[in-house]
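Q: Sequence and predicted structure below; questions after.
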Amino acid sequence: MKKIALITGASSGIGKELANIHAEKDGDLIIVARSLAKLNELKANLEAKHNNHVYVIQKDLTDVNAAKEIYEEVKKTNIKVDYLINNAGFGGIGKFNERNLQEDIAMINLNVSALTSLTHYFLQDFTKNNQGKILNVSSTASLLPGPLQAVYYATKAYVTSFSNAIAEELSETNITVTNLMPGATETEFAKVSGMEKTELFKKTVSARSVAKDGYNGMLKGKLDVISGLTFSQKLMMSMLPLTPKKIVLKQVRQMQEVK
C-alpha cells in the first residue's frame, strides 16, 4: 500500500526534492505551498513520471488559521497521512530593531506556530493508529544564537527542542519524530533572506543531498540528522562547547554580514 506524505513548502528547494524522493519510492503526496502554479507544475511532473497521486493545497502558512484549514481539508478527503514533513520556513537578515516587525512575526507564525499546529493535529491521527513519521526541517542555526538573523535562529532552536522533546514523549509508540538540521543549502532561501552575498553562503550543498539525508533519517526514525556542512563548519560546530559565547557570536555575525 502506498505511503502518503504531506509536505509543506513543497514548491521549491528541499521541500520539492523531498517530494521527488517520496514519489520515486512509489508514494502518494499532499503538497502544500503558496504558489499554486508551482504546485500544479510539480504535480503534473510527478504524476507523469511516477504514476502516483498528488493532491495540491494552496496555502500561506503565515496565516494563523492555515494549519487548521489544511488539516480539515485533508480530513474531508479521507486521505490518511503516513508521513508529515514540516519543511516550510523562511529567514531574513538585518539588525532586529531595524527589521520590519511584521515580517518577523510572519516568520514566527510560519517557522514555529504552523509547524507546531500541524504536528499537533496530525499526531491525533498518528496516535490513534499507533503509526506515523514526522520530519521537521530545522537548521544547524538551531544550535547557536544568530546575530543579524536573531528571530530566524530562535525559531529554529524552537523546532529542534520541540522535535526532540515530543520524540521522547512518543518513544514507546511506533511514531517517530526526526529533526533535520541542514547547513547552507542551494535553495531560494539565501536570495529570499538576503544572504546570497554572505560568507555563510559562499559554499552550499545541493537541496537534493539534504533532502535525501533527511528522508532516509526519517525512515530510520533517527532523532537528529545534520546535513550539508563543510569541513570548516563541522570543525566550528565541534568546538562550540569549548568556545566562549562572545567569540561564537562575533564569528556568526561575521559570516552573515553582507559583503
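A: Received it, and whenever you're ready, just let me know what you need. Numbers count the residues shown, from 1 in each chain.
Q: correct me, but residue 183 touches residue 227?
A: Yes. Using Cβ atoms under 8 Å, residue 183 is in contact with residue 227, at 7.1 Å. C-beta: built from backbone N, CA, C; applies to glycine.
Q: Name the residues contacting each of the two.
A: Residues touching both residue 183 and residue 227 by Cβ atoms under 8 Å, 6 or more residues apart in numbering: residue 205.
Q: what's the offset of the helix or strand where residue 164 lies from the middle of its chain?
A: Residue 164 is located in helix 150-169, with elements delineated by DSSP states H and E. Here helix 150-169 shows a centroid-to-chain-centroid distance of 11 Å under the convention Cα atoms, centre = their mean, to the nearest Å.
Q: Which other helices and strands does whichever helix or strand comes after that helix contact?
A: Per DSSP H and E, the first helix or strand lying C-terminal to helix 150-169 is strand 175-182. With contacts taken as 3 or more Cβ pairs under 8 Å, 6 or more residues apart in numbering; DSSP states H and E, strand 175-182 sits against helix 115-129, strand 132-137, helix 150-169, helix 207-220, strand 224-227.
Q: Kindly calculate the angle that strand 175-182 makes with helix 207-220.
A: Relative orientation of strand 175-182 versus helix 207-220 (axes from the mean of the first three to the mean of the last three Cα atoms, to 10 degrees): 160 degrees.
Q: did I read that right, residue 84 in a helix?
A: No. When classified by DSSP: H, G, I helix; E, B strand; the rest coil, residue 84 is found to be strand rather than part of a helix.
Q: how about the helices and strands packed on strand 175-182 in JSON lines, adding distance to residue 59, mean neighbour count and mean pLDDT?
A: Converted to JSON lines, these look like this (distance: least, Cβ to Cβ, whole Å; neighbours: other Cβ atoms under 10 Å; pLDDT from 0 to 100):
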{"stretch": "helix 115-129", "distance to residue 59": "11", "mean neighbour count": "18", "mean pLDDT": "97"}
{"stretch": "strand 132-137", "distance to residue 59": "17", "mean neighbour count": "25", "mean pLDDT": "98"}
{"stretch": "helix 150-169", "distance to residue 59": "19", "mean neighbour count": "19", "mean pLDDT": "97"}
{"stretch": "helix 207-220", "distance to residue 59": "21", "mean neighbour count": "20", "mean pLDDT": "96"}
{"stretch": "strand 224-227", "distance to residue 59": "26", "mean neighbour count": "18", "mean pLDDT": "94"}
